[in-house]
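K.L.:
Sequence below, structure please.
(one chain, ligands or ions: 2)
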Amino acid sequence: MSDLKVLQKTLLAIDGRGYKAYQDIKGEYRVAPGISLEIMSVQADPFAAPSRLRAIVEQSVAGFETGHFASPGQRVAAADYLTREFAAALDQIGMKRRGSGQSGLINVDRPGQQVLERTSVLMNQDRVEARFTVGLPAAGRRVLGWQAAELLCSDIPQIIRRSLLLPSISPSALQKHIALYEDQEYLRSRLPELGLVAFVAHGSCLPRASGISDLPLPGAIPFQVPEQLAVSLDLPHRGPVRGMGIPKGVTLIVGGGYHGKSTLLRALERGIYNHIAGDGRELVITTPGAVKIRAEDGRRVAGVDISLFINNLPQGQDTKAFNSESASGSTSQAAAIMEALEMGADCLLLDEDTSATNFMIRDARMQELVAKNKEPIIPFIDRVRGLYQELGVSTVMVVGGSGDYFAVADTVIMMDCYQPYDVTARARAIAAKHGNDRQNEGGGPMTTGRRRCPLPSSIDPQRGRGKKKIRARSSDAIQFGHSDIDLSAVEQIVDRSQTRAIGAVIDYCRQRYIDGCTDLRTVLQKVESDIKQGGLDVISPFGRQPVGDHARPRLQEVAAAINRLRTLRIRQDCGREEPDGGHGDFGCDPG
Ligand code: ADP
Ligand code: MG
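P.N.:
Ligands and ions are numbered 1, 2, ... in the order given. Predicted structure coming up:
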């Protein structure tokens, strides 16, 4: 490893030369004992994607202790904290533009309100490593050697010293950050034995500042716990907390328009993630298998068994292996449920605002006018109990419009001026008084559908001759080869870095596990176990070189993206799971 002085010398020597001369600086440099800077890739020109760098500080110098990296949770929380510190330090020191294009800009991933597993900082017993990008300074297409030397040999070492060494950050703030994360994980782990799918702490602030902001709404009315649903428990760091427990089973959120129903449901959607202190949803905790389900007309559906909800379509289309280039509201919602169950969802979250009415309910009068054999849809109301009783899948749903649901609910929460009330008993009494005037249209066994094996030839990231193109256009769109994956209705993706990681995971499993004989769930479980073993770095598109802008998505959201790929083709029920994990012995033609 050469000294940083060597880098400085090289940079001054190439000042004024063509941009290609920067290629010479690739390599690893010693900044100080135990601190090094590696220039992993150098951009081809000033307008190309920026160069990728990493700073490595040995733990003997960085000074972090066991409690910062002993468990996976500690590593995730500490890495998140240091990412924020690194970003703050570079805002103070390194945000000068130098020359044309993106040149002179240093960038690190910027976490939002959630604390996610990220690749921006790696924390373990040996070292702390920060991954970031730099636009190498240029004037037109000429190297600005002096500016580059200042940036790489002075600014970046300062940023490293200020943000990656324990003595230069606030150890107590870091400790609090980790403690909160551990409390959140603990609370989530206790939900099953408490018989809950979610917990909302007393005093939480649920609403957001605006439709485009994830920050808490200033001056919001804090969440109060209704006595009948109150649950108290002891967290390892914070101690006793009290909150509203949402029990397993079927839960309705009712109430007048604009009284905070959707706000509560959205907080529950996000409760699969941990949040930073001050977010207001730090102690809104949902089971990790909770999936938001909504209608998404126009989406593509490939080989999904939606027969649980839809049968006898007018043109005799197969609903056990339903395909559509442009699904309707109801078929898209049915497909979303079946896809979520396929990935192991244990709780469905639905909002009437984003549901297809004919999927949710067919009331008595409609049943009288339109005969059952003229209606392909078995409405959700007639399946929601079976989902729980036979498959163990709970539902939490916002229904302001249909009291027919009282008859199938275990718990009814009414939102009134942003405050929740337990109105289960009243809802039951009302249901009993009116009797069952509508016919149950369910019946028949509950199935989770068949195994779905994606065909490898239908997932192609190539764009042009031999050139792969996988890119997150935004947090809800991935360019994948020639096609675009629209994720705007996949509402539990919260960070563009997750979207990027989803693109990378799709390519990763395409290369390793998608063979036309392995079902989607098994494929994604293999990826999960690889990530568990090797960290999120295993999905890096650059092989051994890490990237700094991936955040971990759930298996659910990766599947959602694959399922929305317009080219996807599926083979259902191809052979059995082979005992040795091999494939190809069952007459499988991955075609
Ligand atoms: P609903 O789904 O019942 O029609 P929403 O959940 O959409 O109602 O909430 C309506 C409005 O009230 C939103 O603008 C939301 O930000 C705001 N709101 C929700 N909860 C609170 C609260 N606790 N304090 C203040 N405003 C809130
Ligand atoms: Mg609403």
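K.L.:
all contacts plus neighbour counts: C-alpha atoms, from now on.
P.N.:
OK.
K.L.:
right, and the helix or strand after the helix or strand hosting residue 176?
P.N.:
Here residue 176, judged by DSSP states H and E, is contained in helix 171-194. Counting by DSSP H and E, the next helix or strand C-terminal to helix 171-194 is strand 196-201.
K.L.:
how far does the helix or strand that that following strand is followed by sit from the chain's center?
P.N.:
Downstream of strand 196-201, the next assigned helix or strand under DSSP H and E is strand 208-210. Distance of strand 208-210 from the chain centroid (CA atoms, centre = their mean, to the nearest Å) equals 20 Å.
K.L.:
try stretch 519-528
P.N.:
Taking mean C-alpha positions (CA atoms, centre = their mean), stretch 519-528 and its chain are 16 Å apart.
K.L.:
Pull out the buried residues from it.
P.N.:
519-524, 527-528 (16 or more other CA atoms under 10 Å).
K.L.:
Show me the shaky parts of the stretch 301-450 of the chain.
P.N.:
For the stretch 301-450 of the chain, no stretch is flagged by pLDDT under 70.
K.L.:
Show me which residues of it sit near ligand 1.
P.N.:
Taking CA under 6 Å from any ligand atom, the part of the stretch 301-450 of the chain that reaches ligand 1 is made up of residue 418.
K.L.:
Tell me how many other residues crowd whatever residue of the stretch 301-450 of the chain ends up closest to ligand 1.
P.N.:
Distances between the stretch 301-450 of the chain and ligand 1 by CA to the nearest ligand atom are smallest at residue 418, namely 4.7 Å. Applying other CA atoms under 10 Å, we find 21 residues neighbouring residue 418.
K.L.:
Ok, residue 465 next?
P.N.:
Around residue 465 there are 6 residues (other CA under 10 Å).
K.L.:
do the same with residue 253
P.N.:
25.
K.L.:
so it touches residue 413, yeah?
P.N.:
Yes: in this structure, residue 253 is within contact of residue 413 by CA atoms under 8 Å, at 4.9 Å.
K.L.:
Now tabulate the buried residues of stretch 519-528 in a markdown table and tack on secondary structure and distance to residue 462.
P.N.:
Output for these, formatted as a markdown table (DSSP: H, G, I helix; E, B strand; the rest coil; distance: CA to CA, whole Å):
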| residue | secondary structure | distance to residue 462 |
| --- | --- | --- |
| 519 | coil | 23 |
| 520 | helix | 21 |
| 521 | helix | 24 |
| 522 | helix | 25 |
| 523 | helix | 21 |
| 524 | helix | 22 |
| 527 | helix | 21 |
| 528 | helix | 25 |
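K.L.:
The helix holding residue 176 relative to strand 196-201, how many degrees between them?
P.N.:
Here helix 171-194 runs at 140 degrees with respect to strand 196-201, directions being taken by axes from the mean of the first three to the mean of the last three CA atoms, to 10 degrees.
K.L.:
Buried residues, helix 171-194. List them.
P.N.:
Those buried within helix 171-194 under the rule 16+ other CA under 10 Å are 174-175, 177-188, 191.
K.L.:
mean confidence score for that helix?
P.N.:
Averaged over helix 171-194, pLDDT sits at 98.
K.L.:
Give me the packing partners of that helix, helices and strands only.
P.N.:
helix 72-93, strand 196-201, strand 230-235, strand 274-275, strand 284-286 (3 or more CA pairs under 8 Å, 6 or more residues apart in numbering; DSSP states H and E).
K.L.:
and the third one, average pLDDT?
P.N.:
Going back to what we said before, that points to strand 230-235. Averaging pLDDT residue by residue across strand 230-235 gives 98.
K.L.:
do the first one as well
P.N.:
Confidence for helix 72-93, expressed as mean pLDDT, is 96.
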